[in-house]
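S.K.: Pasted the sequence and its predicted model underneath.
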Amino acid sequence: MTNKPSISIIVPCLNEEGNLKGAIESIKEALKTADRFGDCEILIFNDGSTDNTGQVAEEISRAEKNVKVIDNPKNMGFGYNYTEGVRLASKDYTIMVPGDNEIPAQSLARIFSNVGAADIVIPYTANPEVRKFSRRVVSKAFVALINTLFGLNLVYYNGTCVIKSALLKKVPLKTWGFAYMAAILVRLIRSGASYTEVGVDIKPRATGTSKAFAPKNVLSVGRAILTLFWDVRIKDRDRVRAVNRDR
């Protein structure tokens with residue numbers, strides 16, 4: 001028997017045939033280094049890839065008994081994969097680690113090592129210079145906007161957060177776009193969940209290109225922010241006023 005918690009690791013992949021094996025190896029190394037968990041499961045989502053990502057994923061699952069592959073018939077996006085992964089998750093904590101292998105094993109190990117310090121471990125990029133200038137500018141603007149709209153002061157909203165699964169399963173996951181994690185963090189933190197922030201280094205992609213600025217992703221972020229603002233700032237405010245009137 002062990003008193004160590006368990007973790008579900010969601011790994012979304014879209015045309016990551018050259019990166020997926022490295023990502024899984026980094027995860028395995030980090031789990032071993034941190035020695036924080038007694039059990040884990042890895043859920044690989046082949047998100048409508050048109051290369052050999054699916055074949056690579058199946059090879060990994062045949063070699064690793066704790067790996068399960070989910071094939072999406074078409075590209076559904078990060079948010080969908082995360083939402084479905086949360087639904088399938090059976091362990092104490094949940095994290096999503098992209099299959100692009102951008103996060104080195106030592107950085108994942110640092111994230112894992114902080115599990116238990118709070119309900120949520122929120123990593124932020126400690127070496128943003130490895131990303132394009134345009135992406136850094138957009139990222140800073142996004143963080144400033146979310147902090148301003150919701151009265152928070154986080155360093156980063158789109159990291160590979162580790163969250164207690166019991167909390168996650170109670171959150172209304174309303175967006176499948178790139179703003180999915182920001183929406184989750186805003187809802188959880190404003191409801192009283194504790195968190196700790198951890199700076200980690202990332203590395204440039206070995207192959208392929210980022211999908212973050214695809215037009216459909218940009219539009220989904222805008223819709224997600226509007227929905228979140230309505231739910232958190234308008235509906236919640238009106239609900240509190242109604243309760244106060246009835247007292």
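M.R.: All right, it came through fine. Note that the structure is predicted; figures quoted are calculated from it, not measured.

S.K.: Low-confidence ranges, the chain, go.
M.R.: Counting by pLDDT under 70, the chain has low-confidence residues at 1-2, 174-177, 204-224, 230, 233-247.

S.K.: quick one, helices of it?
M.R.: Using DSSP state H, the helices of the chain run over 20-34, 53-63, 78-88, 105-113, 133-150, 165-168, 180-190, 215-229, 236-246.

S.K.: Touching the third one from outside, list them.
M.R.: Under the contact criterion CB atoms under 8 Å, 6 or more residues apart in numbering, helix 78-88 has outside partners 8, 10, 12, 43, 45, 47, 68, 70, 72, 94, 96, 98, 165, 168-169, 173, 175-181, 220. (Each C-beta comes from the backbone N, C-alpha and C, glycine too.)

S.K.: Of all the helices of the chain, which one is nearest Lys203?
M.R.: With CB to CB, the closest approach to Lys203 among those belongs to helix 105-113: 8.7 Å.

S.K.: quick revisit: wait, which of the helices of the chain is closest to Asp201?
M.R.: So among those, helix 105-113 is nearest, using CB to CB, at 5.4 Å.

S.K.: now the angle between helix 20-34 and the closest one, please.
M.R.: 50 degrees (axes from the mean of the first three to the mean of the last three CA atoms, to 10 degrees).

S.K.: okay, the helices of the chain in TSV with mean neighbour count and distance to Tyr124 next?
M.R.: TSV is the format used below for the helices of the chain (neighbours: other CB atoms under 10 Å; distance: least, CB to CB, whole Å):
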stretch	mean neighbour count	distance to Tyr124
helix 20-34	19	17
helix 53-63	17	28
helix 78-88	20	18
helix 105-113	21	11
helix 133-150	14	9
helix 165-168	18	20
helix 180-190	22	12
helix 215-229	15	18
helix 236-246	9	27
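
S.K.: mind checking which of those is nearest Val200?
M.R.: The nearest among the helices of the chain, by CB to CB, is helix 105-113 at 3.7 Å.

S.K.: For the closest one, enumerate the helices and strands it packs against.
M.R.: helix 20-34, strand 120-125, strand 195-200 (3 or more CB pairs under 8 Å, 6 or more residues apart in numbering; DSSP states H and E).

S.K.: Dump these to JSON lines, plus distance to Val56.
M.R.: What follows is the helices and strands packed on helix 105-113, written out as JSON lines (distance: least, CB to CB, whole Å):
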{"stretch": "helix 20-34", "distance to Val56": "5"}
{"stretch": "strand 120-125", "distance to Val56": "26"}
{"stretch": "strand 195-200", "distance to Val56": "25"}
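
S.K.: what's near enough to touch the nearest residue to Ser107 once chain neighbours are set aside?
M.R.: Using CB to CB, 6 or more residues apart in numbering and skipping the chain neighbours, the partner closest in space to Ser107 is Val200 (3.7 Å). Contact analysis of Val200 by CB under 8 Å, 6+ apart lists Ile103, Ser107, Leu108, Arg110, Ile111, Pro123, Tyr124, Thr125, Ala126, Gly159.

S.K.: Ok, Ala89 next?
M.R.: Ala89 neighbours (CB under 8 Å, 6+ apart): Ser8, Ile10, Glu41, Leu43, Ser165, Leu168, Lys169.

S.K.: Right, I'll call it a day here.
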